[in-house]
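Asks: Give the three-dimensional model of this entry:
(chains A, B, C and D)
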2 protein chains.
Amino acid sequence: MREGPDIARIASLVGDPARANMLNALMGGTALTASELALEAGVSLPTASSHLSKLMDGGLLTLASQGRHRYYGLAGAQVAGMIEAIIGVAEAVGPKRVRPGPRDAAMRVARVCYDHLAGEQAVAMLDRLFDRKLLLRDDNQIRLSPSGVSHFSALGIETHAKARRPVCRACLDWSVRRSHLAGTLGAAILDKIIAEKWARREKDSRAVVFSPTGRQAFERVFLS
Amino acid sequence: MREGPDIARIASLVGDPARANMLNALMGGTALTASELALEAGVSLPTASSHLSKLMDGGLLTLASQGRHRYYGLAGAQVAGMIEAIIGVAEAVGPKRVRPGPRDAAMRVARVCYDHLAGEQAVAMLDRLFDRKLLLRDDNQIRLSPSGVSHFSALGIETHAKARRPVCRACLDWSVRRSHLAGTLGAAILDKIIAEKWARREKDSRAVVFSPTGRQAFERVFLS
DNA sequence: GGAATGCTTCGATAAGGATCGAACCATGCG
DNA sequence: CGCATGGTTCGATCCTTATCGAAGCATTCC
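Replies: Next up is the predicted model:
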């Protein structure tokens, strides 16, 4: 019984199903609000709030208050790495999952990450927006270029910042391990994809499935 | 509330103080009996037995029965890696510990991680093995190069894969935050270090202490 | 200044699980 | 076989903690 870092304390924080679901949801890289996390974990708001304060006390989360919204996010890459390690063991010892089915494949191609698009399509899109200089990489931030403003405006997407929420924001993609676009612009693009019926949300899943013609339209507008 | 690997189940196994102490003790790499683990965890024998069967059910331990003795050991390097990751987070978020004492310093330099070497020495070694192209980084995997095979063979280390266990595997180091070498090769190298008496295991600790001449020999062979 | 929304705290309840003593198996020794 | 030793199972107790409804704060919108 030698003393040392309190690993039981950290592990038990992850060891509750509700908290594990929350952390899992936050592995996408985007910060989420308490209500969203409550939904994700399948518990009531008070319960979620209690879990969140425990995770905060444990140092696993960071909190960004924006007005009456409170965004919870993972405290850092080290925490994310630990969760990945636990996932790895759980996968290894857990019931041998059948080969990743079509739904998993669809998730890798395109899925919803809170309110914007993630997956291979989303990562490719961000790459192209940089290539076409519609977005500019500025330090670790993303900015709109003047041509970007008019480009999105022509698509019916207004890009002036109204809320405190940033227009552009990088979000680390779970499956591709590179950034995709979040922020109000990312959300607006996803809105457009759905509104134009280029794709539909899979029921009870984060997967986003493009129709053949919808994919062509999306590629013409964002990947050309 | 998506379904997936049951990470809460795994984490909650580690999340009990008694079990965490047991796992910690097993990180030394030697298998221990139920009574030894009970002592280590500070619980009675029945309690320890109950914990051990839970850890077995969870797939975190292996059991080797020898006569009336039953030796429990970690189920593999992946489990060890997960525990290292949790230790890393616990160290980072835990109460700012007083200046790391001499024993902690020794642990940072070199220690046992289940069955292979960890710490600054181990991370430096892996770096050099890459530099010398004895190992190759392939995607996210590690492979032996042809020259690596002959190099280790000349040192008396055979590197053909026999079991399911990979020869080379990256394991994240909690103190350095970079990878060191696990897998059968990592285990063989630690064996050689001990067999050649370049270093000895510290009593009741995971620390590995090199002798002056042993360190020179190690550096000549693996860090040159 | 209301009204509405997002979130937290409080209080009570319920369930899970950690713990130990005692009894029970199994192996090895003489 | 009888006995000692290492381990596990059983049963009862106790404590931790997850949970939710209701009420309370805080911030924004109208």
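Asks: for stretch A:85-100, what is the average pLDDT?
Replies: This predicted structure assigns stretch A:85-100 an average pLDDT of 71.
Asks: Which residues does stretch A:51-66 contact?
Replies: Applying C-beta atoms under 8 Å, 6 or more residues apart in numbering or on different chains, the external contacts of stretch A:51-66 come out as A:9-10, A:13-14, A:16, A:18-19, A:22-23, A:26, A:31, A:34, A:37, A:41, A:43, A:70-76, A:79, A:163-165, B:89, B:92-93. C-beta coordinates here come from the backbone N, C-alpha and C atoms, glycine included.
Asks: On the three-state scheme, A:Tyr72 is what?
Replies: Secondary structure of A:Tyr72, reduced to three states by DSSP: H, G, I helix; E, B strand; the rest coil: strand.
Asks: okay, the closest residue to A:Tyr71 other than its chain neighbours: pLDDT?
Replies: The shortest distance from A:Tyr71 to any residue that is not its chain neighbour, by C-beta to C-beta, 6 or more residues apart in numbering or on different chains, is 3.6 Å, and that residue is A:Ala31. A:Ala31 is assigned a predicted lDDT (pLDDT) of 81.
Asks: related to what we said a few turns ago, quick one: which of the contacts of stretch A:51-66 sit in helices?
Replies: Within the contacts of stretch A:51-66, membership in helices is found for A:9-10, A:13-14, A:18-19, A:22-23, A:26, A:34, A:37, A:41, A:79, B:89, B:92-93, as judged by DSSP state H.
Asks: Closest to A:Ala195 out of those?
Replies: A:Leu37 (26.8 Å; C-beta to C-beta).
Asks: confidence score at the residue lying closest to the closest one once chain neighbours are set aside?
Replies: Spatial nearest neighbour of A:Leu37, chain neighbours left out: A:Met22 (4.7 Å); criterion: C-beta to C-beta, 6+ apart. As summarised for this prediction, A:Met22 has a pLDDT of 92.
Asks: try A:Ala106
Replies: You'll see A:Ala106 listed with a pLDDT of 77.
Asks: picking that back up, and the ones in helices among the contacts of stretch A:51-66, which of them are buried?
Replies: Buried positions within the ones in helices among the contacts of stretch A:51-66, assessed by neighbour count (16 or more other C-beta atoms under 10 Å in any protein chain shown), are A:9-10, A:13-14, A:18-19, A:22-23, A:26, A:34, A:37, A:41, A:79, B:89, B:92-93.
Asks: low-confidence ranges in chain A?
Replies: Where chain A drops to pLDDT under 70, the residues are A:1-4, A:28-29, A:66-68, A:94-104, A:113-115, A:138-141, A:161-166, A:170-179, A:203-206.
Asks: Please enumerate the helices of chain A.
Replies: A:7-14, A:17-26, A:34-41, A:45-57, A:77-93, A:102-109, A:120-131, A:146-154, A:183-195, A:212-218.
Asks: and B:Ser50, which of the ones you listed is closest to it?
Replies: When the helices of chain A are compared (using C-beta to C-beta), the closest one is helix A:7-14, at 16.3 Å.
Asks: which residues are in contact with that closest one?
Replies: Taking contacts as C-beta under 8 Å, 6+ apart, the residues outside helix A:7-14 that touch it are A:19-20, A:23, A:54-55, A:58, A:60, A:82-83, A:86, B:7-8, B:11-17, B:19-21, B:24, B:83, B:86-87, B:89-90, B:93.
Asks: so which of the residues you listed are also by DNA strand C?
Replies: Near DNA strand C, taking C-beta under 7 Å from any atom of the strand as the test, the members of the contacts of helix A:7-14 found are B:12, B:16-17.
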